[in-house]
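Asks: prediction below, plus the sequence it came from.
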Amino acid sequence: MDVIQDWAAFLTAQQDNSSQNGIAAPFSMLLSLLKSYLVPLISRIPAHPDLASIALLLVILWLSLQVLKMLYGVVVFWVTLAVRLLVVAAVVLAALYVWSNGAEQTVADVSGGLTYWVDVWKGEYGRFQAQEQTARAFMMGQQAARASATPSARWPFG
């Protein structure tokens, strides 16, 4: 609280320098407005220290949120820049690949790669279908075994 009172004393001790420099006139007017509104508020602080603590806490919270907002903006900027650079690099590399190999060879390479990945997908799909049929047959066998069991065999206390 002493710091706030020191600042209040500093504000009240400032001289009006508007007559010395024409550029400083708006700043001196702002300083006089601050004096007229802030000095009465600051003079009330020693009478209500709990309200001063709450006000200080709110100011600190507001400042920390502003810093987080600024950091968020910086992170978003750099991530966006990195993604844009990757897209531009991919387009440039694709253009260089087409330039160096020619259009026909590029189409043949892309179709060969697509054919390979389609074959891989079909093989995995067929493997999963076979696993599903095996599991379905196993479940059908389990249900048939349960249906054929006697009630006393199914329920130990029956």
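Replies: Everything's here; your move. Quantities reported herein were computed from a predicted structural model and do not represent experimental measurements.
Asks: which helices and strands does whichever strand or helix holds residue 129 pack with?
Replies: Counting by DSSP states H and E, the element that carries residue 129 is helix 103-148. In terms of contacts (3 or more C-beta pairs under 8 Å, 6 or more residues apart in numbering; DSSP states H and E), helix 103-148 is packed against helix 49-101. All C-beta atoms are positioned from the backbone trio N, CA, C, and that covers glycine.
Asks: what angle separates the helix it packs on from helix 103-148?
Replies: 120 degrees (axes from the mean of the first three to the mean of the last three C-alpha atoms, to 10 degrees).
Asks: run through this structure and note the low-pLDDT ranges.
Replies: Scanning the chain for pLDDT under 70 picks out 1-22, 24, 149-158.
Asks: please repeat the previous calculation with a cut-off of 80.
Replies: Counting by pLDDT under 80, the chain shows low-confidence ranges at 1-29, 31, 34-35, 38-49, 51-52, 147-158.
Asks: what separates the helix holding residue 129 from the chain centre, distance-wise?
Replies: Averaging C-alpha positions (C-alpha atoms, centre = their mean, to the nearest Å) puts helix 103-148 38 Å from its chain's average.
Asks: ditto for stretch 56-67
Replies: Worked out by C-alpha atoms, centre = their mean, stretch 56-67 lies 20 Å from the chain centre.
Asks: domain assignment for this protein?
Replies: If you go by automatic domain parsing, the domain ranges for the chain are 1-47, 49-101, 103-158.
Asks: same list, those, but as CSV with mean neighbour count please.
Replies: Output for these, formatted as CSV (neighbours: other C-beta atoms under 10 Å):
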stretch, mean neighbour count
domain 1-47, 12
domain 49-101, 10
domain 103-158, 10
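Asks: sounds good, over and out.
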